[in-house]
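Novice: Quick one: sequence plus predicted model below, questions after.
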Amino acid sequence: MQHELNLLQQFAGTFLKDINMGVFVINTDFELVDISDMACRVLGLKKEEVMNQSMDSIFVELPAEHRLVHRNILEGMVVRNHALSWTNNQDRYELLLDSNVLRDEQNKIVGAYIIFKDVTNLRSLEEQVRRSDRLAMIGQIAAGTAHEIRNPLTSIKGFLQMLRKTLQIHGMDRESGFADIMLGEINRINELVSEFLLLSKPKNVTYQSLDISQVIKEMLPIINNEAVLHRVIVRYDAAEKLPQVIADGELLKQVFLNICKNGIEAMVDGGQLVLTERVDVEERIVSIDIHDSGPGIPMFVIDKIFDPFFTTKDEGTGLGLSVCQRIIHDVGGHIRVSSKGFGTTFTVGIPYP
């Protein structure tokens with residue numbers, strides 16, 4: 001019997017160390033008895049600092065409704081496949097949580113356990129498929145209708161420019177002003193059609209081996225000019241030597257410019273935009289973190305920002321980030337975003353051979 005008990009204890013210790021799941025074990029005093037290594041990594045905890053501590057003190061900085069573990073779990077509340085989001089520094093995780101009580105031989109509650117699975121990649125894949133389907137449909141519509149829209153617009157614009165010139169010659173400044181407004185609106189329609197066309201597959205894509213650092217250096221002057229207008233300081237933390245990736249350099253510039261421009265515009269009263277290069281050798285991915293010190297993105301919005309036509313800007317089309325995501329997905333990469341209410345970080349990850 002003692003041998004079997006030792007075997008179970010050894011299994012439990014190995015299980016908590018090696019299992020790729022988050023595990024908490026708590027006693028009836030709501031104190032942490034044991035925790036898996038994966039839970040520590042995802043939640044940003046140090047095992048030696050949280051063992052035997054009250055769960056209230058471990059999550060003291062979080063409002064009660066956002067805590068991972070609640071006292072009513074010791075009252076027999078069972079949780080199954082509860083979905084929640086967790087942000088640890090710049091990393092955002094999608095978790096599925098289960099919990100139940102632990103009982104002794106007399107059926108008395110002696111503690112509880114919480115188990116969670118990291119389903120970030122699965123949720124991200126589901127979102128990617130859903131958005132790709134929508135973008136493909138919009139791209140087909142765009143390719144079929146863009147020229148039909150642009151042709152009459154070109155005629156209207158040409159005749160309107162002639163009419164404006166005639167109005168100016170006859171000193172009809174008020175009417176000439178109206179013509180300027182109409183020409184401005186026609187230009188906006190043309191820009192929208194151009195963004196539609198970007199959703200369809202670009203025809204002249206050139207995939208080649210390239211250095212992302214060089215791509216960023218080429219677009220930095222444009223970013224700096226935009227930043228000066230908004231009283232924003234740009235900092236670029238370059239890595240020593242990044243592995244080459246396979247991508248289209250011009251399309252990558254479009255992605256980085258769009259994300260940087262969004263970040264700069266988010267900092268209404270000035271701030272700092274930081275571009276950081278890093279390499280994940282295990283996953284073989286080159287990542288660029290683009291962090292702004294703006295007000296952050298609310299949680300109820302952050303899941304929608306890559307959806308086509310979703311925008312928080314008065315004059316935005318809501319297509320910019322959708323196009324960026326499609327460009328990066330086409331080279332096997334990902335775009336992720338994290339925000340904790342005081343700044344936002346976009347991470348563009350591209351695999352290297």
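Specialist: In hand now; what should we look at? Because the structure is predicted, anything quoted here is derived from the model rather than measured.
Novice: Domain boundaries for the protein, per the record?
Specialist: Domain segmentation of the chain under automatic domain parsing yields 2-118, 121-201, 205-353.
Novice: which one of those domains is the most hemmed in?
Specialist: Mean neighbours per residue, mean count of other CB atoms under 10 Å, is largest over the domains of the chain for domain 205-353, with a mean of 17. Glycine gets a C-beta too; all of them are placed from N, C-alpha and C.
Novice: This structure: strands as residue ranges?
Specialist: 22-27, 32-35, 79-88, 91-103, 109-118, 208-210, 232-237, 245-247, 271-280, 285-292, 334-339, 344-351 (DSSP state E).
Novice: With distance to Glu191 and mean pLDDT as extra columns, can I get these in JSON lines?
Specialist: Conversion of these to JSON lines gives the following (distance: least, CB to CB, whole Å; pLDDT from 0 to 100):
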{"stretch": "strand 22-27", "distance to Glu191": "46", "mean pLDDT": "86"}
{"stretch": "strand 32-35", "distance to Glu191": "53", "mean pLDDT": "86"}
{"stretch": "strand 79-88", "distance to Glu191": "34", "mean pLDDT": "77"}
{"stretch": "strand 91-103", "distance to Glu191": "32", "mean pLDDT": "82"}
{"stretch": "strand 109-118", "distance to Glu191": "40", "mean pLDDT": "86"}
{"stretch": "strand 208-210", "distance to Glu191": "28", "mean pLDDT": "89"}
{"stretch": "strand 232-237", "distance to Glu191": "24", "mean pLDDT": "90"}
{"stretch": "strand 245-247", "distance to Glu191": "25", "mean pLDDT": "89"}
{"stretch": "strand 271-280", "distance to Glu191": "24", "mean pLDDT": "90"}
{"stretch": "strand 285-292", "distance to Glu191": "23", "mean pLDDT": "91"}
{"stretch": "strand 334-339", "distance to Glu191": "23", "mean pLDDT": "85"}
{"stretch": "strand 344-351", "distance to Glu191": "23", "mean pLDDT": "90"}
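Novice: among those strands, which is nearest Asn151?
Specialist: Among those, strand 245-247 comes nearest to Asn151, with 33.5 Å by CB to CB.
Novice: Would you list the strands that the closest one pairs with, along with their directions?
Specialist: strand 208-210 (antiparallel) (DSSP bridges).
Novice: got a list of contacts for the partner strand?
Specialist: The contact list for strand 208-210, computed with CB atoms under 8 Å, 6 or more residues apart in numbering, reads 244-249, 252.
Novice: which of the residues you listed lies closest to Asp98?
Specialist: Val245 (38.8 Å).
Novice: For Val205, which non-adjacent residue is spatially closest?
Specialist: Asp248 (5.0 Å; CB to CB, 6 or more residues apart in numbering).
Novice: distance of that neighbour from Ile327?
Specialist: Noted for Asp248: a distance of 8 Å to Ile327, by CB to CB, to the nearest Å.
Novice: pLDDT weak spots in the stretch 1-150 of the chain?
Specialist: Confidence mapping of the stretch 1-150 of the chain against pLDDT under 70 gives the ranges 1-19, 64-66, 89-90, 121-144, 147.
Novice: Show me the helices in it, by range?
Specialist: 2-18, 37-43, 47-50, 55-58, 120-169 (DSSP state H, counting those that start in this stretch).
Novice: what distance separates the start and the end of stretch 60-68?
Specialist: The first residue of stretch 60-68 is 11 Å away from its last residue (CA to CA, to the nearest Å).
Novice: swap that for stretch 328-343, please
Specialist: 23 Å.
Novice: So which residues make contact with it?
Specialist: 87, 89-92, 124, 128, 132, 207, 245-248, 255, 259, 285, 291-297, 302, 305-306, 321, 324-325, 344-351.
Novice: if you set the cut-off to 7 Å instead, what comes out?
Specialist: For stretch 328-343, the surrounding residues in contact (CB atoms under 7 Å, 6 or more residues apart in numbering) are 87, 90-92, 124, 128, 132, 246-247, 255, 291-294, 296-297, 302, 305, 324-325, 344-351.
Novice: now stretch 37-54
Specialist: With CB under 7 Å, 6+ apart, stretch 37-54 has contacts from 17, 19-24, 30-32, 35, 58, 86, 88-89, 93, 118.
Novice: at 10 Å instead, please
Specialist: 16-24, 26-27, 29-36, 57-60, 68, 86-89, 91, 93, 95, 114-118, 120 (CB atoms under 10 Å, 6 or more residues apart in numbering).
Novice: Extract the C-alpha trace of it and format it as CSV.
Specialist: This file holds the C-alpha atoms of stretch 37-54, laid out as CSV (Å, rounded to 0.1, in the frame of the first residue of the first chain):
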residue,chain,number,x,y,z
ASP,A,37,4.9,24.7,-14.3
MET,A,38,2.7,25.5,-17.3
ALA,A,39,0.3,27.5,-15.1
CYS,A,40,3.2,29.5,-13.7
ARG,A,41,4.5,30.3,-17.2
VAL,A,42,1.1,31.4,-18.7
LEU,A,43,0.0,33.4,-15.6
GLY,A,44,3.5,35.0,-14.9
LEU,A,45,3.8,33.4,-11.5
LYS,A,46,6.9,32.1,-9.6
LYS,A,47,6.1,28.8,-7.9
GLU,A,48,8.3,29.4,-4.8
GLU,A,49,6.5,32.8,-4.2
VAL,A,50,2.9,31.6,-4.5
MET,A,51,3.0,28.2,-2.8
ASN,A,52,0.8,28.0,0.4
GLN,A,53,-0.4,31.6,-0.3
SER,A,54,-4.0,32.6,-0.3
